[in-house]
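Asker: The following block contains a protein sequence and its predicted model.
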Amino acid sequence: MKKESTPPGDDFEIRCPRLGHHLAFSYCRVENKGLPCFKVIDCWYRHFMIEDFLRKNLTSEEWDRVFNHPIKPKVLSLIELIEEAQKEKQQEQ
(Lines give C-alpha, C1' and ligand atoms only; values in the text may rest on other atoms or scores of the structure.)
Protein backbone atom coordinates (compact mmCIF):
# COMPACT_ATOMS: atom_id res chain seq x y z
CA MET A 1 0.00 0.00 0.00
CA LYS A 2 1.38 3.41 -1.01
CA LYS A 3 1.49 6.08 1.67
CA GLU A 4 -0.11 9.42 0.96
CA SER A 5 1.29 12.88 1.69
CA THR A 6 -2.13 13.95 2.93
CA PRO A 7 -2.73 13.65 6.67
CA PRO A 8 -5.71 11.66 7.93
CA GLY A 9 -8.84 13.51 9.01
CA ASP A 10 -9.76 14.37 12.58
CA ASP A 11 -11.73 11.15 12.88
CA PHE A 12 -8.38 9.27 12.96
CA GLU A 13 -6.48 9.53 16.24
CA ILE A 14 -3.33 7.97 17.65
CA ARG A 15 -1.99 7.81 21.19
CA CYS A 16 0.25 10.72 22.14
CA PRO A 17 3.32 9.50 24.04
CA ARG A 18 3.74 12.92 25.68
CA LEU A 19 0.16 13.48 26.84
CA GLY A 20 -0.95 9.89 27.23
CA HIS A 21 -4.23 10.01 25.33
CA HIS A 22 -5.47 9.91 21.76
CA LEU A 23 -5.20 12.95 19.48
CA ALA A 24 -5.83 13.84 15.87
CA PHE A 25 -3.03 15.15 13.66
CA SER A 26 -4.64 18.60 13.61
CA TYR A 27 -3.66 19.02 17.28
CA CYS A 28 -0.11 17.71 16.80
CA ARG A 29 0.36 20.13 13.94
CA VAL A 30 -0.10 23.26 16.09
CA GLU A 31 0.50 22.30 19.73
CA ASN A 32 3.90 24.00 19.89
CA LYS A 33 2.78 27.66 19.92
CA GLY A 34 1.26 27.24 16.46
CA LEU A 35 4.01 24.93 15.20
CA PRO A 36 4.12 21.13 15.16
CA CYS A 37 5.18 19.10 18.16
CA PHE A 38 8.86 18.15 17.99
CA LYS A 39 7.83 14.46 18.05
CA VAL A 40 5.25 14.70 15.27
CA ILE A 41 7.40 12.83 12.73
CA ASP A 42 8.11 9.99 15.18
CA CYS A 43 4.42 9.61 15.95
CA TRP A 44 2.87 9.94 12.48
CA TYR A 45 5.39 8.44 10.01
CA ARG A 46 3.56 5.09 9.98
CA HIS A 47 0.29 6.69 8.89
CA PHE A 48 1.28 9.05 6.08
CA MET A 49 4.30 10.79 4.57
CA ILE A 50 4.56 13.28 7.40
CA GLU A 51 8.00 14.65 6.56
CA ASP A 52 6.96 15.44 2.97
CA PHE A 53 3.82 17.12 4.24
CA LEU A 54 5.68 19.24 6.80
CA ARG A 55 8.44 20.27 4.38
CA LYS A 56 5.76 21.52 1.97
CA ASN A 57 3.82 23.35 4.69
CA LEU A 58 6.53 24.86 6.90
CA THR A 59 9.04 27.54 6.05
CA SER A 60 12.70 26.64 6.49
CA GLU A 61 12.78 28.86 9.60
CA GLU A 62 9.78 27.05 11.10
CA TRP A 63 11.35 23.67 10.29
CA ASP A 64 14.57 24.72 12.03
CA ARG A 65 12.69 26.04 15.07
CA VAL A 66 10.87 22.74 15.51
CA PHE A 67 13.36 20.09 14.44
CA ASN A 68 16.90 21.53 14.34
CA HIS A 69 17.52 22.56 17.90
CA PRO A 70 18.53 20.68 21.01
CA ILE A 71 15.58 19.50 23.06
CA LYS A 72 15.43 21.01 26.53
CA PRO A 73 15.34 18.67 29.48
CA LYS A 74 11.80 18.28 30.80
CA VAL A 75 12.67 19.86 34.16
CA LEU A 76 13.98 22.99 32.45
CA SER A 77 10.83 23.22 30.32
CA LEU A 78 8.65 22.91 33.43
CA ILE A 79 10.62 25.62 35.24
CA GLU A 80 10.23 27.96 32.25
CA LEU A 81 6.48 27.30 32.14
CA ILE A 82 6.16 28.01 35.88
CA GLU A 83 8.12 31.25 35.54
CA GLU A 84 5.99 32.32 32.58
CA ALA A 85 2.78 31.62 34.53
CA GLN A 86 4.09 33.59 37.52
CA LYS A 87 4.90 36.59 35.29
CA GLU A 88 1.41 36.49 33.77
CA LYS A 89 -0.18 36.32 37.20
CA GLN A 90 1.87 39.32 38.40
CA GLN A 91 0.82 41.33 35.34
CA GLU A 92 -2.86 40.60 36.06
CA GLN A 93 -2.55 42.09 39.57
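Answerer: Cool, got the structure. Every value quoted in this text rests on a predicted model; they were computed, and no experiment measured them. Numbering: from 1, shown residues only.
Asker: And the longest helix seen in the chain, how far out from the chain middle?
Answerer: Counting residues, the longest helix in the chain under DSSP state H turns out to be helix 74-92. The gap between where helix 74-92 is centred and where its chain is centred comes out at 20 Å by C-alpha atoms, centre = their mean, to the nearest Å.
Asker: ditto for stretch 42-56
Answerer: Here stretch 42-56 is found 12 Å from its chain centre; the criterion is C-alpha atoms, centre = their mean.
Asker: Compute the first-to-last residue distance for it.
Answerer: 18 Å (C-alpha to C-alpha, to the nearest Å).
Asker: Just to check, Ala24 is in contact with Glu13?
Answerer: Yes. Using C-beta atoms under 8 Å, Ala24 is in contact with Glu13, at 5.1 Å. From N, CA and C alone the C-beta is placed, and that goes for glycine too.
Asker: list the buried ones in whichever helix or strand Asp42 is part of?
Answerer: Asp42 is part of helix 40-44, with elements assigned from DSSP states H and E. Of all the residues in helix 40-44, those buried under the rule 16 or more other C-beta atoms under 10 Å are 40-41, 43-44.
Asker: which one of those residues is nearest Glu92?
Answerer: Val40 (32.7 Å; C-beta to C-beta).
Asker: ok, the closest one touching Arg29?
Answerer: Yes. Between Val40 and Arg29 there is a contact at 7.1 Å, judged by C-beta under 8 Å.
Asker: how far away is the residue nearest the centre of the chain from Ile71?
Answerer: In the chain, the residue lying closest to the centroid (C-alpha atoms, centre = their mean) is Cys37, at 1.2 Å. With distances taken as C-beta to C-beta, to the nearest Å, Cys37 is found 11 Å from Ile71.
Asker: Name the next helix or strand following the helix holding Asp42 along the chain.
Answerer: helix 50-57.
Asker: so how many other residues sit close to Phe53?
Answerer: Around Phe53 there are 20 other residues, counting by other C-beta atoms under 10 Å.
Asker: Then the one 4 residues further on?
Answerer: Using other C-beta under 10 Å as the criterion, Asn57 is surrounded by 12 other residues.
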